[in-house]
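[1] sequence and predicted structure are below.
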Amino acid sequence: MRIEVDYDKCQSNAVCEGLAPSVFEVRDDGFLYVINENPPEDLHAAVHAAQEQCPTQAISVSD
Amino acid sequence: MRRLVVVGGALAGHRSAIHARRLDPDLDITVLAAEDELPYQRPPLSKGYLLGTVSAQRVRLRGAGEGYRLLTSTPATGLDLAQSRVLTHEAAYQFDLLIVATGARPHQLEGFSPDESVLYLRTVGDANRLKEALSRIHHLTIVGGGFIGAEVAVSARRLGVEVTIVEQSAHLLSRAVGTGVSRLIEENLQQLGIQLALDSSTTIESVDRQRLVRDGSREWLTDLVVVGVGVHPSTEWLGGALPLRADRGIAVNEFGLVDGYSQIAAAGDVASWHHPLYARPLRFEHFEVAANQALHTAEALVKNERVAYGDLPFGWSDQGELLVQILGVPSPDLAEEEESVVGGRMFLYRRDDRIEGAVLVNAPEELMTLRDRILSSLSSQ
Ligand SMILES: Cc1cc2nc3c(=O)[nH]c(=O)nc-3n(C[C@H](O)[C@H](O)[C@H](O)COP(=O)(O)OP(=O)(O)OC[C@H]3O[C@@H](n4cnc5c(N)ncnc54)[C@H](O)[C@@H]3O)c2cc1C
Ligand code: SF4
């Protein structure tokens, strides 16, 4: 799995972090960081949920 | 070396410039920007930026001003097609390729000229003034019940300001969505203690340092008026040089090329884009649409490979506890039907058998399936 975030679209509301905290992190500088671009299998469901629920559709995932 | 000139230095301008750079490292790229700012995102300006949760640094687009020559405070004043030049007050910029991304600006309402107690919200400068005012005023009146008005109302209320929204029509957002969605938005605002004056025609006059608002039977004193009665494409500077459509946007085809030109394109709020899924021209005022169209525009001009923009248009509005997500074209003149979903609400808008648009309220987990469903409905004849 590969995760890509379109940072222009990201609004840093941390919905993704709530769903997959070991993959996404909104830091104190206000920007989102993908801390694990190739997450292990057991996190795939959480990453897909983040992709689905990102309010601005900034996350894309390829397998 | 080929020269690309981009007019407009915000979302669509920045994205098309960045993408053009990716496609052609040798391209000479100049972005002419009216504002005195690095390219930034507008959505936070009515939300987190006013609340102080989103900083000025954060609203900047990543890589803003990198990879192209950015000339701020340099509005284009004309387009000389005969000599392929964009004119500014001081100079003329020769182009081989041109992208128009001048976006939109607020309609000015008669009798509401901007001054110290009347404000229109579009730029960071406007947001700074509004933010400062919200820290000291007691009462805010918002004229116009659109998305931006509703968002500003929620932000102001959260900051402890009394708010009244004045709207001509019987419902908020009556030009954008159906009444089912309007009602949910109205209820949410009322629960927050925001006053709604619907079906209202307003006059306003100065009284000492405040404003007296009269709305038929009622009148009240207010400290600040924010007007949000819609926007129109910024095309005045073109002086008629490029073709416009009835929606006042620049006429572009499905690739983003301006009708009749292969070296001039337009993207974002300024563009009336021929949408292949709807088989008609559509102009949007959505962040995501501008962001995506910008990429298509750069491809159409810089690469010779043209890819039609056929995405399902998407917009959203954050109003405190309410997340409204808009897919496609939920025209208020179409029949609105609700389908039940877990957790939130879902409204569909059909023309004949095709679902042309939908609105989700607090149901973001439905978005991707719903998108696929609308896409297949639109592509089946
Ligand atoms: C307060 C606010 C909140 C919003 N919230 C949302 C939201 O939650 N969700 C959503 O989907 N959309 C939202 N939008 C809409 C979204 O921001 C726009 O769709 C988006 O900004 C369009 O980008 P653009 O680049 O096409 O145009 P713009 O952002 O309008 O940028 C055009 C730029 O061109 C410049 N320009 C104009 N004329 C000239 C000239 N002659 N020469 C040089 N430069 C010129 C302007 O100064 C401006 O900087 C919001 C808009 C506002 C104002
Ligand atoms: S959910 Fe989307 S918008 Fe929010 S922080 Fe994550 S990527 Fe950004």
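    Alright, I've got the coordinates. Numbers count the residues shown, from 1 in each chain, chains lettered A, B, ... in the order given. Ligands and ions are numbered 1, 2, ... in the order given.
[2] so what sits opposite B:Val7 in the bridge?
    Beta-bridge pairing for B:Val7 (DSSP bridges): B:Leu32, B:Val100.
[3] just checking, it touches B:Thr30?
    No: at 9.5 Å, B:Val7 and B:Thr30 do not qualify as touching, with contact defined as Cβ atoms under 8 Å. (Glycine included, C-beta is placed from N, CA and C.)
[4] out of the two, which sits in the busier spot?
    B:Val7 (28 against 19; other Cβ atoms under 10 Å in any protein chain shown).
[5] Three-state assignment for B:Ala20, please.
    Per DSSP: H, G, I helix; E, B strand; the rest coil, the local secondary structure of B:Ala20 is helix.
[6] note down every partner strand of the helix or strand that B:Val163 is a member of and its orientation.
    Counting by DSSP states H and E, the element that carries B:Val163 is strand B:162-166. Partner strands for strand B:162-166, per DSSP bridges, with pairing direction: strand B:139-143 (parallel), strand B:195-197 (parallel).
[7] going along the chain, name the strands of chain A.
    With DSSP state E as the criterion, chain A has strands at A:2-5, A:24-26, A:32-34, A:59-62.
[8] check the stretch 251-381 of chain B for the residue nearest ligand 1 and tell me.
    Of all residues in the stretch 251-381 of chain B, B:Gly268 sits closest to ligand 1, at 2.1 Å by Cβ to the nearest ligand atom.
[9] mind listing what that residue touches?
    Residues in contact with B:Gly268 (Cβ atoms under 8 Å, 6 or more residues apart in numbering or on different chains) are B:8, B:10-13, B:101, B:103, B:289-290, B:293-294.
[10] deepest-packed of the strands paired with strand B:162-166, please.
    Compared across those, strand B:139-143 shows the largest average neighbour count, a mean of 24 (mean count of other Cβ atoms under 10 Å in any protein chain shown).
[11] pull the CA atoms of it into CSV?
    Taking Å, rounded to 0.1, in the frame of the first residue of the first chain, the C-alpha atoms of strand B:139-143 are listed here in CSV:
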residue,chain,number,x,y,z
HIS,B,139,-23.3,42.2,17.4
LEU,B,140,-22.6,41.1,13.8
THR,B,141,-25.2,41.2,11.0
ILE,B,142,-24.6,39.0,8.0
VAL,B,143,-26.4,40.0,4.8
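[12] if we can go back for a sec, just the contacts of B:Gly268 now: which is nearest B:Lys131?
    Taking Cβ to Cβ as the measure, B:Ala10 is the one of the contacts of B:Gly268 closest to B:Lys131, at 19.4 Å.
[13] and the closest one, how many residues sit next to it?
    Neighbour count of B:Ala10, defined by other Cβ under 10 Å: 26.
[14] hang on, it packs against B:Leu38?
    No: counting by Cβ under 8 Å, no contact exists between B:Ala10 and B:Leu38, whose distance comes to 10.0 Å.
[15] in three-state terms, label the closest residue to ligand 2 within the stretch 201-350 of chain B for me.
    In the stretch 201-350 of chain B, the residue that lies nearest ligand 2 is B:Trp316 (9.9 Å; Cβ to the nearest ligand atom). Put simply, B:Trp316 is strand when judged by three-state DSSP.
[16] so what's it up against?
    By Cβ under 8 Å, 6+ apart, the residues touching B:Trp316 are A:55-56, B:323-326.
[17] any idea how far it lies from B:Asp269?
    16 Å (Cβ to Cβ, to the nearest Å).
[18] remind me, longest helix of the chain?
    Unless you meant another one, I'm taking chain A. Longest helix of chain A, by residue count under DSSP state H: helix A:44-53.
[19] meant chain B, my bad for not saying
    In chain B, assigned by DSSP H, the helix with the most residues is helix B:287-302.
[20] contacts (any at all) between ligand 1 and it?
    Yes: against ligand 1, helix B:287-302 shows contacts by Cβ under 6 Å from any ligand atom at B:287-288, B:290.
[21] one step back: mutual contacts of B:Ala10 and B:Leu38, please.
    Common neighbours of B:Ala10 and B:Leu38 (Cβ under 8 Å, 6+ apart) do not exist.
[22] circling back to that earlier point, bridging residues for the residue of the stretch 201-350 of chain B closest to ligand 2?
    B:Gln325.
[23] at which residues are the helices of chain B located?
    Counting by DSSP H, chain B has helices at residues B:11-23, B:48-51, B:56-59, B:124-134, B:147-158, B:179-191, B:287-302, B:367-379.
[24] which of the residues in the longest one are buried?
    Of all the residues in helix B:287-302, those buried under the rule 16 or more other Cβ atoms under 10 Å in any protein chain shown are B:287-302.
[25] which of the residues of helix B:287-302 next to ligand 1 sits closest to B:Ser234?
    B:Ala290 (12.9 Å).
[26] distance of the closest one relative to B:Val361?
    From B:Ala290 over to B:Val361 the distance is 23 Å, taken as Cβ to Cβ.
[27] how about B:Gly8?
    B:Gly8 sits 32 Å away from B:Val361, taking Cβ to Cβ as the criterion.
[28] ok, those two, which is more surrounded?
    Under the criterion of other Cβ under 10 Å, the comparison of B:Gly8 against B:Val361 puts B:Gly8 first, with 29 against 22.
[29] skip the chain neighbours and tell me the closest residue to that one.
    Nearest residue to B:Gly8, sequence neighbours excluded (Cβ to Cβ, 6 or more residues apart in numbering or on different chains): B:Ala101, at 3.6 Å.
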